[in-house]
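**Q** Show me how the following folds:
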Amino acid sequence: MGMELFNIGVLFQTTSSGGFLLDTYTGASAAYSLRQLRTGVTSVVRVRRDSDNTEQDFSPTEITDGTLTTFVGAGDGFASKFYDQSGNSNDANQAVANAQPYIVESGVLCERGGSPCVRGYGDKWLSKPTVITANFTSASAFAVGSINESNATTRTLFSDGIGNINEFQGLKSNGSNAFSIRTQSGSTSFRGKIKTILQDQLFVADAQFNGVSTENYNNNVLNTGADLGTINANSSALMAQNSSGNNPWYGDFLEFVQFTTDETVNRSGITANINNHYSIY
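**A** I've put the predicted structure just below:
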């Protein structure tokens, strides 16, 4: 696909700050990652190999120790499901084979910044069949990924596919390498608008909505001025592609954690845990 891939060795699944992220910072409404985020989690992703369309679940260790690539063989492996590590069973799925994002290409594990990832080329996306109906008055989100095209048009990775009510919060690039995190509950939405995302740059982006205003960061740097987040009514933005197949993801995805609470007080600890694992900034 014109993009360089690398094999990687075994990664530690905890961070130097001690323990799993969601053991320390509880209450997430949805969480997706190729690393382990909570005690008791086993499988984090389900993969389909293209040789015979067999599917199998994989743990974080099995992704990096060669078990996954052995299963896939010399062909391609695709993520058909991301398991929700929050414990709320909000799994993200894709039943359509040609819309599933890559996790192995030509027998090589996809990675970004030394960590495994799933990858889309403008034709991949995942849907979330269950709806988060918390009717939030506050919210927070943390995302790790990269946009792998210059001056990206609108690109989205996850969607519940039901329009603009109780939309699933997520990742969205919206032109000129801008990036945002959004969610919708009833007539309320929040957007953390993160600018200056460079092509093929691994980033951690986060946003917090306290019920009145949004504060958001890119690589632990506070966005100000024109890059400040906004609050909209009945916004139609998604964290991924929508159910009609519009705006599929073009980039690498590593992690996304959502809270329907304002995690401002925990923001520095959460981002430190993320950065300790991925070494982004």
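**Q** which residues does V104 contact?
**A** Going by CB atoms under 8 Å, 6 or more residues apart in numbering, V104 touches V47, R49, L68, T69, V72, G75, D76, G77, C110. C-betas here are computed from N, CA, C, even on glycine.
**Q** Just the ones of those in helices?
**A** Counted as lying in helices by DSSP state H, out of the contacts of V104, are L68, T69, V72.
**Q** Skipping adjacent residues, who's closest to the first one in space?
**A** What that stands for is L68. Nearest residue to L68, sequence neighbours excluded (CB to CB, 6 or more residues apart in numbering): F58, at 5.3 Å.
**Q** residues contacting that neighbour?
**A** Contacts here follow CB under 8 Å, 6+ apart; on that basis F58 touches S43, V44, V45, R46, V47, T67, L68, F71.
**Q** Also P101?
**A** P101 makes contacts with F78, A79, Q94, V118, R119, G120, K124, W125, L126, W249, F253, as judged by CB under 8 Å, 6+ apart.
**Q** helices or strands up against the helix or strand hosting S268?
**A** Secondary structure from DSSP states H and E places S268 in helix 267-278. The contact analysis (3 or more CB pairs under 8 Å, 6 or more residues apart in numbering; DSSP states H and E) places helix 267-278 against helix 21-24, strand 139-147, strand 203-209, strand 249-259.
**Q** so what strands line up beside the third one?
**A** Sheet partners assigned to strand 203-209 using DSSP bridges are listed as strand 139-147 (antiparallel), strand 214-218 (antiparallel).
**Q** got it, and the longest one?
**A** Partner strands for strand 249-259, per DSSP bridges, with pairing direction: strand 30-33 (antiparallel), strand 118-124 (antiparallel), strand 139-147 (antiparallel).
**Q** Flag every buried residue along the first one.
**A** Of the residues in strand 30-33, those buried by neighbour count under the rule 16 or more other CB atoms under 10 Å are A30, A31, Y32, S33.
**Q** re earlier: nearest to D206 among the contacts of P101?
**A** Among the contacts of P101, F253 lies closest to D206 (CB to CB), at 15.4 Å.
**Q** Any idea how many residues pack against the closest one?
**A** Number of residues near F253 (other CB atoms under 10 Å) recorded here: 30.
**Q** give me every residue that touches the closest residue in space to it that isn't next to it in sequence.
**A** With sequence-adjacent residues excluded and distances taken as CB to CB, 6+ apart, F253 is closest to G145, at 4.7 Å. Listed by CB under 8 Å, 6+ apart, the contact set of G145 reads R112, C117, L157, L171, L202, F203, G251, D252, F253, L254, E255, F256.
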